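A.B. asks: sequence first, then the predicted structure:
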Amino acid sequence: MSQEVSGDRLDTIFQLQKGLSEMMKLDRYPKDAEGRVSALSTAIMHEAVELQRTTNWKWWKTPTKFNEDEAREELIDIWHFVVQASLELNLTPDDIVAEYKKKNEINRERQRNGY
């Protein structure tokens, strides 16, 4: 996939999230950027737990069939909050690609050095 195509898709996701946030009743949403990022971090953690609950992580419990559709829905919930946090931090899709590439290279270097 070319960077242009993936960038367009990320732009679309950001536009959709901006539109959704404009529809929301935000009277209880923190007024300052730090408070909003903190609230969104909490939401991301809780959604991650909901995603984890779709798996059979409890080794002491009889496993059930993995529901991939439910897992995807929980993952997309995380995406909503991650994109909103990105907007709160004034990150554009281009910024995200650049930051991702930087961190990806750091992680690759760590792996090459036995991290």
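C.D. replies: In hand now; what should we look at?

A.B. asks: excluding covalently adjacent residues, which one is nearest to Leu40?
C.D. replies: By the measure of Cβ to Cβ, 6 or more residues apart in numbering, the closest residue to Leu40 outside its immediate chain neighbours is Ala85, 4.3 Å from it. Bear in mind the C-beta positions are built from the backbone N, C-alpha and C, glycine included.

A.B. asks: my guess is that neighbour meets Ser41, correct?
C.D. replies: Yes: at 7.2 Å, Ala85 and Ser41 qualify as touching, with contact defined as Cβ atoms under 8 Å.

A.B. asks: of these two, who's got more company?
C.D. replies: Ala85 (18 against 13; other Cβ atoms under 10 Å).

A.B. asks: contacts only, for the residue lying closest to Leu75 once chain neighbours are set aside.
C.D. replies: Nearest-residue entry for Leu75: Leu51, 5.8 Å, with adjacent residues in sequence omitted and distances by Cβ to Cβ, 6+ apart. Neighbouring residues of Leu51 by Cβ atoms under 8 Å, 6 or more residues apart in numbering: 71, 74-75, 78.

A.B. asks: redo that, cut-off 10 Å
C.D. replies: With contact set as Cβ atoms under 10 Å, 6 or more residues apart in numbering, Leu51 has these partners: 70-78.

A.B. asks: in helices, which of these appear?
C.D. replies: When DSSP state H defines the helices, the subset of those inside them is 70-78.

A.B. asks: let me have these in JSON lines, extended by neighbour count.
C.D. replies: Formatted as JSON lines, the entries for the ones in helices among the contacts of Leu51 read as follows, by neighbours: other Cβ atoms under 10 Å:
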{"residue": "Glu70", "neighbour count": "13"}
{"residue": "Ala71", "neighbour count": "16"}
{"residue": "Arg72", "neighbour count": "12"}
{"residue": "Glu73", "neighbour count": "14"}
{"residue": "Glu74", "neighbour count": "18"}
{"residue": "Leu75", "neighbour count": "14"}
{"residue": "Ile76", "neighbour count": "11"}
{"residue": "Asp77", "neighbour count": "17"}
{"residue": "Ile78", "neighbour count": "17"}
